[in-house]
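Student: make a model of this:
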Amino acid sequence: MLNRVSENPPARIAVLWQRCVFPAGIIAVLMFALVACEPTTPIIPTQPRTLSGPTIEASPVVLPLLPTDPVDSYYGQNDPTAAALPRNNDLPPLPVGGVVQGGQVVQVTAEDGGLINGVFYQGGLVRQPGILLLAADYIAWGDFPSQLFQAGFTVLSVSLRPGEAGAADFSVLLRALSSGEADPGRLGVIGVGEGADVAFMGCAAELLCDTVVLLSPLQHDTLLANLPAFNPRAILTIASREDTLSFATAQDLASAATGDSLFQPLEGAGSGTAMLQNRPDLADFIIQWFDRQFGE
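Tutor: Okay, here's the model as predicted:
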């Protein structure tokens, strides 16, 4: 018995579709006809996006970030070695000019921001004992710093600032020397006149100083009062007999010292750095002193 087909036309078409088997080619033709009958939508090409550049014209002049002229105090130190040091570390001497008698003209930055002028003698990869020279004008030493350098020392010779500023600069100068090529475990100081007083007072307060050489020291009572803080380190004092004040000061300091000490009196040699010119053998005598202290 046949089931009744629903009177619903869509349902009747579905039943007939299930009962009829159409060849594959006819089905393909019918599907193509159905698609062809649909209205076609025209393809409208999309406008491509365009990249826009800056609308502000570039500046025709590029301002330099750093000066191209030699560095002055306004800009501070601009040196690769200084830049590589940790924050608040002691700065090495900064080259600022040419060469004087084999040494590089430098400046050292004081704690108050002032600049201390000098000449730095260094060379080689091995750290050598360091010598700090203190005078009112580093030119007064003549070729003595170069002689020290040729003898195997790293040398920093500076012009002390006058008054209390010069005394306050001592630690900065000694540490600047040790932050360069000098061996911080072998540091000596040579001072002349007021520089001799600064050298001894500074060494009394600064343990980095291993030995001191004083040419024509001046302040007898002040230096003797600070001798206990300097002892038992080595001291060499030099003065000419006609320079009566310096002679007495140099003799009494060496006599009261508890470490290795030596007083070298001179006759008719003048005072200060003039003794180096009037007694050419004095330079070699001082070099021998340092060789003995540093074990050379």
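
Student: and the next helix or strand past the helix or strand of the chain with the lowest mean pLDDT?
Tutor: Ranking every helix and strand in the chain by mean pLDDT, DSSP states H and E puts helix 80-83 at the bottom, with a mean of 43. Next along the chain after helix 80-83, taking DSSP states H and E as the criterion, comes strand 94-100.

Student: for that following strand, which strands pair with it and how are they oriented?
Tutor: If you go by DSSP bridges, strand 94-100 pairs up with strand 103-109 (antiparallel).

Student: now Pro93: how far from Ile238?
Tutor: Here Pro93 is placed at a distance of 27 Å from Ile238 (Cβ to Cβ, to the nearest Å). In this view, the C-beta of every residue, glycine as well, is placed from N, C-alpha and C.

Student: buried sites along stretch 126-141?
Tutor: The neighbour-count check on stretch 126-141 (16 or more other Cβ atoms under 10 Å) flags 127-136, 138, 140-141 as buried.

Student: now do stretch 226-238
Tutor: Buried residues in stretch 226-238 (16+ other Cβ under 10 Å): 226-227, 230, 233-238.

Student: rewinding a little: determine which two of the buried residues of stretch 126-141 are furthest apart.
Tutor: Distances among the buried residues of stretch 126-141 were taken as Cβ to Cβ; the most separated pair is Arg127 and Ala136, at 29.3 Å.

Student: what ranges do the helices span in the protein?
Tutor: In the chain, the segments counted as helices under DSSP state H are 9-19, 24-37, 80-83, 144-150, 164-168, 170-179, 194-205, 220-225, 227-230, 244-256, 274-278, 281-294.

Student: quick one: list the elements packing against the top strand by length along the chain.
Tutor: Counting residues, the longest strand found in the chain (DSSP state E) is strand 182-192. With contacts taken as 3 or more Cβ pairs under 8 Å, 6 or more residues apart in numbering; DSSP states H and E, strand 182-192 sits against strand 128-135, strand 154-159, helix 170-179, helix 194-205, strand 211-215, helix 281-294.

Student: mean pLDDT lowest where, among the ones you listed?
Tutor: Mean pLDDT per stretch puts helix 170-179 lowest among the helices and strands packed on strand 182-192, at a mean of 92.

Student: elements contacting it?
Tutor: strand 103-109, strand 128-135, strand 154-159, strand 182-192, helix 194-205.

Student: residues in contact with it: which ones?
Tutor: Contacts to helix 170-179, defined as Cβ atoms under 8 Å, 6 or more residues apart in numbering, come from residues 85, 89-93, 108-111, 116, 130, 132, 134, 154, 156, 158, 184, 187, 189, 198-199, 201-202, 205-206, 208-209.
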